[in-house]
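Generate coordinates for the sequence data below:
(one chain, ligands or ions: 1)
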Amino acid sequence: MTVRLLSGKPIADEIKAEVSAEVAKLEFRPGLAVVRVGEDPASSVYVGSKVKTTEELGMYSEHIHLPAETSGEEILAVVKRLNEADEIDGILVQLPLPGHVNEREILEAIDPAKDVDGFHPMNVGRLSQGQDALVPCTPAGVIEILKRSGIEIAGKNAVVLGRSNIVGKPMAMLLLQENATVTICHSRTRDLASVTSQAEILVAAIGRAGFVRGEHIAEGATVIDVGINNVSDTSQAAELFSEDDMPKRLAAIEKRGFTLVGDVNPKEAMGRAGAFTPVPGGVGLLTVAMLMKNTLKAAKLRRGI
Ligand code: NDP
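Numbers count the residues shown, from 1 in each chain. Got it, this is the predicted structure:
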């Protein structure tokens, strides 16, 4: 069976082009504020890409970078200011926050109308009730990949591997909203392969390099790999990547010290899945595009458009 690779780039580009075209027609510039606390290198890369894309699409962006020792009260004061700032339509607090800060308290302080990450309980509740809501970007991006690739969701058996508030749970809710029959698996699920191998759509979001093997995948299933993990060991790489892919992977390990892999073993998925999102180059690219879409949506909703 030849597997269909579901590349994220053309879909992310399409969504960004749609946002940019809509922004150009507005009489105001939607604004996104990104708050980063501390020096986490991955957060720095993510925030940089969010700020750059916001500006490329013609929107206003504000990047607030606070030192790692900033107190919870000081972060709350920044959030309060952004809640009240008329030029700001979306507020994103980049996670993880330093250990001394109560993440939940900060996320709940964001005005739900500006909560472009969709993590506020008000938006989580709206999503679970099937009401219009600001929805977390990564699972929303997965739905876009499925729909824009012409993969039918309604009536399908969908299994979500992982139950985090950021990916797994909202993913399950969105698939349910699209009329899939949804099962959620987690670390306490018994005989995982017997459940996942029933999936016509399998979404993996557990944070374990190449955990999903051939035995977990039904022949011809659509496999969406949300995971982003580093692999630095060359013998582990040989277990994960095909012979064709290996030279590129080894070169990356040599150059940067690691290569990226998802939660699915790509070599084994290629032999069983009908369609598969690559890592890198799959779901990850949709996350920023969906953030842009959410910022535009928040701006329009807040201004009654
Ligand atoms: P979390 O660590 O918050 O959650 C992981 C989930 O996986 C938990 O529900 C956990 O179960 C479950 N799990 C862990 N190990 C197993 C196992 N052996 N068998 C079954 N279930 C297991 O991770 P996130 O949801 O935040 O992220 C998941 C992955 O997605 C990560 O690789 C992350 O980097 C990536 N990610 C990618 C994004 C993107 O833009 N593409 C954005 C966000 C995340 P339990 O609840 O029982 O502990």
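
and residue 72, what pLDDT?
Per-residue confidence (pLDDT) for residue 72: 97.

Would you check that it makes contact with residue 103?
No. Contact criterion Cβ atoms under 8 Å: residue 72 and residue 103 do not qualify, at 9.4 Å. Just so you know, the C-beta spots here come from the backbone N, C-alpha and C atoms, and that holds for glycine as well.

The least confident helix or strand in the chain by mean pLDDT and the ligand in contact?
Here the helix or strand of the chain ranked lowest by mean pLDDT, DSSP states H and E is helix 41-56, holding a mean of 94. No. Using Cβ under 6 Å from any ligand atom, helix 41-56 stays clear of the ligand, with a minimum separation of 8.4 Å.

Those residues of the stretch 1-150 of the chain touching the ligand, which are they?
So the stretch 1-150 of the chain meets the ligand at residue 138 (Cβ under 6 Å from any ligand atom).

To clarify, my last question referred to the stretch 201-305 of the chain.
So far as Cβ under 6 Å from any ligand atom goes, the stretch 201-305 of the chain lies against the ligand at 205-208, 226-229, 263, 283-284, 287.

Just the buried residues of the helix or strand just after the least confident helix or strand of the chain, please?
Of the helices and strands lying after helix 41-56 in sequence (DSSP states H and E), the nearest is strand 60-66. Neighbour-count burial for strand 60-66 flags 60-64, 66 (criterion: 16 or more other Cβ atoms under 10 Å).

when you compare where strand 60-66 runs with where helix 41-56 runs, what's the angle?
Between the axes of strand 60-66 and helix 41-56, defined by axes from the mean of the first three to the mean of the last three Cα atoms, to 10 degrees, the angle is 160 degrees.

ok, residues contacting the helix or strand just after strand 60-66?
Where DSSP H and E defines the elements, the next helix or strand beyond strand 60-66 is helix 72-84. Outside helix 72-84, the residues that touch it by Cβ atoms under 8 Å, 6 or more residues apart in numbering are 33, 35, 37, 62, 64, 66, 88, 91, 93, 97, 100-102, 105-106, 109-111, 114.
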